[in-house]
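# Just the structure for this:
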Amino acid sequence: MIRRLVPRLPRNLGGLFGLLGLLALLSSCGGGPIVATSTGRILYVATSSGIYGFSIMSTGTLSPISTQPLVTNNNVQQIAVTPGTPMGQSTPLLLGASEGTSLSVWTVGGGGGLTPTTTPLSCSGLSSITGVTVTADSQYVVVVDGTSSSSNLGLIAFSKTTSCSTGSSSFYPLQPAIDCAVSGVNPCILFLTGLPSLAPPLTPTTPLEILVTPSSGTFGASSSPYTCSSGSCPLGVTFDPTTVFFYAGISMVALSAMSPKILSTTYVNDPIAGIAHFIPHVNSILGPWVALLGATILTVAANAGLIGVSRLAYSMSNNFLIHPIFHRTTDRWKTPAFSLVTFGV
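Next up, the predicted model:
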């Protein structure tokens, strides 16, 4: 009975090192308090008393940069930070909408500090800038005028900050968010939340999507991405500024092969098949090959995972870390049949 309770010692150094490594891994779990460190990312918050900065820690908590506001400005309605360094600048910028025809601009320094700058970012076509957002490539700024239901959209390029193109939405805009799949590819999608009226009670209405072509500074047709009932429509919105290059490449190729309308309707769940269908001369040949290629990739991926985990179990069993049945091999093929069947099922 005692021999059954005591595990067998590894027969070679490989098994000993494997066992020691496993014990070290297990002992590291919960082995002490997690020390929060700064991730280098900053969260800025605009309040009635000014703009505060918080360092985002590795534990997900926020650590104040200062107990006092970094900027004392009671008029800022919305703020936006450029994800990168705009053209003509040496650092990222923090932009503030202060209900005027110009944006308040600060440079973002080391540690998240803010320094006022005289960079001119204005839109004379709007009477009061109340909202602001920036494209992911940090080259264009979209501003909105929440006090007007016409001529209430503006587009400013960092390459020409003294010029502003204007457009209109059918309501009083609250917050804008713009998404461009790849830098320089048009059109971009401007997502807007807004109010149907400025008369109380102020209840948000169904948001809008507007096509925007930054290179020409034009606002296109608008549509409603979805419907919402009174009281459940959104007040704010934002896009994730990060873009996975593989999917960005698919979007770029797809939009060059077909119109955005066809891509977003007919081939919304299968853009690769849409690309193959619209390639001239070889579309009839590529269609079946796309399906075959997809099935082959999935088969290879599944097979690789099955082989990997079965061999890992075989190695662990061979070193007496799990039951010895997993390292039994067939007489003819010398493969760990039991391990393969177990993880295959």
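# give me the beta-bridge partners of residue 192?
Assessed by DSSP bridges, residue 192 has beta-bridge partners residue 176, residue 208.
# ranges for the helices of this protein?
Using DSSP state H, the helices of the chain run over 2-5, 13-28, 245-257, 260-265, 271-278, 283-318, 337-344.
# what helices or strands is the longest one leaning on?
Spelled out, it's helix 283-318. The helices and strands touching helix 283-318, judged by 3 or more CB pairs under 8 Å, 6 or more residues apart in numbering; DSSP states H and E, are helix 271-278, helix 337-344. (Glycine included, C-beta is placed from N, CA and C.)
# Run the chain-centre distance for the first one.
So that's helix 271-278. 25 Å (CA atoms, centre = their mean, to the nearest Å).
# what packs against that helix?
Taking 3+ CB pairs under 8 Å, 6+ apart as contact, the helices and strands that helix 271-278 lies on are helix 245-257, helix 260-265, helix 283-318.
# Pretty sure residue 151 sits against residue 125.
Yes. Under the criterion of CB atoms under 8 Å, residue 151 makes contact with residue 125 at 6.2 Å.
# any residues in contact with both of those two?
Common neighbours of residue 151 and residue 125 (criterion: CB atoms under 8 Å, 6 or more residues apart in numbering): residue 166.
# Mean neighbour count, the helices and strands packed on helix 283-318: which tops it?
Neighbour counts (mean count of other CB atoms under 10 Å) averaged over each of these peak at helix 271-278, with a mean of 18.
# and that one with helix 283-318, angle?
Helix 271-278 and helix 283-318 are oriented at 150 degrees to each other (axes from the mean of the first three to the mean of the last three CA atoms, to 10 degrees).
# Please save the CA atoms from helix 271-278 in CSV.
What follows is helix 271-278 as a C-alpha-only set of coordinates in CSV (Å, rounded to 0.1, in the frame of the first residue of the first chain):
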residue,chain,number,x,y,z
PRO,A,271,-15.2,38.1,-48.1
ILE,A,272,-12.6,35.7,-49.5
ALA,A,273,-15.2,34.1,-51.7
GLY,A,274,-16.3,37.5,-52.8
ILE,A,275,-12.8,38.5,-53.8
ALA,A,276,-12.5,35.2,-55.8
HIS,A,277,-15.9,35.8,-57.5
PHE,A,278,-15.0,39.3,-58.7
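# So for that helix, mean pLDDT?
Mean pLDDT, computed over helix 271-278, is 75.
# wait, which of the helices and strands packed on helix 283-318 is closest to residue 141?
Closest to residue 141 of the helices and strands packed on helix 283-318 is helix 271-278 (CB to CB; 29.7 Å).
# returning to what we had before: which of the helices and strands packed on helix 283-318 sits closest to residue 107?
Of all these, helix 271-278 comes closest under CB to CB, at 39.6 Å.
# so where's the stretch 151-300 of the chain uncertain?
181-186, 240-261, 263-264 (pLDDT under 70).
# hmm, back to that, mind giving me TSV with the helices and strands packed on helix 283-318 and columns for distance to residue 200?
Rendered in TSV, the data for those read as follows (distance: least, CB to CB, whole Å):
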stretch	distance to residue 200
helix 271-278	45
helix 337-344	64
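# ok, now which ones touch the residue nearest to residue 133 when sequence neighbours are not counted?
Closest residue to residue 133 apart from its sequence neighbours, by CB to CB, 6 or more residues apart in numbering: residue 176 at 4.6 Å. Residues in contact with residue 176 (CB under 8 Å, 6+ apart) are 131, 132, 133, 142, 143, 144, 153, 190, 191, 192.
# what number of residues lie near residue 293?
Residues lying near residue 293 (other CB atoms under 10 Å) number 13.
# actually residue 234, not the one I wrote
14.
# now residue 81
Neighbours of residue 81 using other CB under 10 Å come to 16.
# show me the contacts for it.
42, 44, 92, 93, 94, 95, 108, 134.
# any idea how far residue 319 is from the first one?
Which is residue 42. Counting by CB to CB, to the nearest Å, the gap from residue 42 to residue 319 is 48 Å.
# Could you say which one of the helices and strands packed on helix 283-318 comes nearest to residue 104?
Of the helices and strands packed on helix 283-318, the one closest to residue 104 (CB to CB) turns out to be helix 271-278, at 40.7 Å.
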